[in-house]
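In: Mind folding the following:
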Amino acid sequence: MSIRSVAFLVNPSRPEAISAAGELAPLLFSAGFSLYTISDIEIEGIKKVAAADLPEIELAVVLGGDGTILRAAEVTLTRKIPLLGINLGNVGFLAEVDRPTIKAIAQSIIDKSYVSENRMVLQFEIERGGKVVSTGWALNEVTVERDATTMVELFVEIDRRPLSHWGCDGVICSTPTGSTAYAFSAGGPVLWPEIEALVLLPISAHALFSRPMVVSPKSEIIITVESSAALLSADALRKTPLQLGDRVIITRDERTIKLSHVSSTLFTDRLVAKFKLPVEGWRGE
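Out: Numbering: from 1, shown residues only. Below is the predicted model of the structure:
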């Protein structure tokens, strides 16, 4: 029988994340799992390796906030490894498990009773002088934004047809997963994760029409920089300077990120918890 393996991806700056990993690791180790981490932590039973040396694993347990999960996705995307995020206090939208259920989480991993769902990923190319000079991807959003104190001038096309010119702070292209992140704070709509669509919205645009738009997931979005200073940001983690005339071409990636959960918390309930929505007096079942 082959040995089962799990990776721990932990935010080392959060003591509660290290503590939770210290609780979960012995439960899995005693069940015969091999445990690995690429994080800067020291926990008995977990072997520290470089990301390139991470062996074949069935699941990555992520302890931290949504930012930790976004960083973990950088490691797991090409390897199609499911991510199981453990909520450490702040209600997020990527971490699917509450902190007090460590034993239940361990049993779910042992029994393989957790459920994984595929989340949409964006891919982008940066064209300069007719040549592709950079490529990348994002789970939440790709943003072209100002890289100076003044606004940026951007021209947007959808499916090779002109949409609008905006003088603005930036333009966000978001997945449904990212609709509760930067796009939400910029005034975009919330999309349920299973919806297949893209959100496109300008940030603080000086224009009569600057509404957020919900776009087909098959669409190609092109953002051309018409001023001298701009910046591309992917999930607020990977940033690339842009030049005058650069074209950013955004489409849906064929790859997906697998997010796993052991509970059946509905997305509606997560919204209520995250934003403390007033639901007192509800008389439903």
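
In: I'd like the distance between the nearest residue to Leu232 once chain neighbours are set aside and Val215.
Out: If the residues on either side of it in the chain are set aside, Leu232 comes closest to Thr240, at 4.5 Å by CB to CB, 6 or more residues apart in numbering. To be clear about C-beta, it is placed using only N, CA and C from the backbone, and glycine gets the same treatment. According to CB to CB, to the nearest Å, Thr240 and Val215 sit 23 Å apart.

In: same thing with Val144?
Out: Distance of Val144 to Val215, given as CB to CB: 15 Å.

In: higher neighbour count, the two?
Out: Taking other CB atoms under 10 Å, Val144 and Val215 do not tie; Val144 has more neighbours (28 against 17).

In: what's the nearest residue to the more buried one if we skip its chain neighbours?
Out: Among residues not flanking Val144 along the chain, Ile223 sits closest, at 4.8 Å (CB to CB, 6+ apart).

In: can you pull the contacts of that neighbour?
Out: Counting by CB atoms under 8 Å, 6 or more residues apart in numbering, Ile223 makes contact with 144, 154-156, 171, 173, 247-248, 250.

In: Ala230: which of those is nearest?
Out: Distance to Ala230, by CB to CB, is smallest for Val144 among the contacts of Ile223, at 5.9 Å.

In: where does the closest one land in three-state SS?
Out: With DSSP: H, G, I helix; E, B strand; the rest coil as the basis, Val144 sits in strand.

In: in the stretch 1-150 of the chain, which spans are strands?
Out: Assignment of strands within the stretch 1-150 of the chain using DSSP state E, counting those that start in this stretch yields the ranges 5-10, 34-37, 46-48, 59-63, 83-86, 115-128, 131-138, 141-146.

In: Just name the most buried of those strands.
Out: A comparison of the strands of the stretch 1-150 of the chain by mean neighbour count, using mean count of other CB atoms under 10 Å, puts strand 59-63 on top with a mean of 28.

In: In PDB, could you pull the C-alpha coordinates for it?
Out: Extracted C-alpha coordinates of strand 59-63, given in PDB (Å, rounded to 0.1, in the frame of the first residue of the first chain):
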ATOM      1  CA  LEU A  59      -3.800  17.600  -0.600                       C
ATOM      2  CA  ALA A  60      -2.300  20.900   0.600                       C
ATOM      3  CA  VAL A  61      -3.600  22.100   4.000                       C
ATOM      4  CA  VAL A  62      -3.300  25.900   4.100                       C
ATOM      5  CA  LEU A  63      -3.300  27.700   7.500                       C
END
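
In: now what about it, what contacts it?
Out: The contact list for strand 59-63, computed with CB under 8 Å, 6+ apart, reads 6-11, 14, 17-18, 20-21, 24, 68-69, 72, 75-76, 81-86, 88, 95, 105, 109, 114, 260.

In: So for it, mean pLDDT?
Out: When pLDDT is averaged along strand 59-63, the result is 96.

In: partners of it in the sheet?
Out: For strand 59-63, sheet partners with direction are given as strand 5-10 (parallel), strand 83-86 (parallel), following DSSP bridges.

In: Least reliable of the ones you listed by average pLDDT, please.
Out: Comparing mean pLDDT across the strands paired with strand 59-63, the weakest is strand 83-86, with a mean of 92.

In: so how far is that one off the chain centroid?
Out: Going by CA atoms, centre = their mean, to the nearest Å, the spacing between the C-alpha centre of strand 83-86 and its chain's C-alpha centre is 12 Å.

In: ditto for stretch 53-62
Out: For stretch 53-62, the distance from its own C-alpha centre to the chain's C-alpha centre is 18 Å (CA atoms, centre = their mean).

In: so Glu157 sits right up against Ser219, yeah?
Out: No: Glu157 sits out of contact with Ser219 when judged by CB atoms under 8 Å, with a separation of 10.0 Å.

In: How many residues are close by the nearest residue to Ile195 once chain neighbours are set aside?
Out: With CB to CB, 6+ apart as the measure, Pro176 is the residue that lies nearest to Ile195, at 5.1 Å, once sequence neighbours are left out. Here the count is done by other CB under 10 Å, and Pro176 has 23 residues near it.
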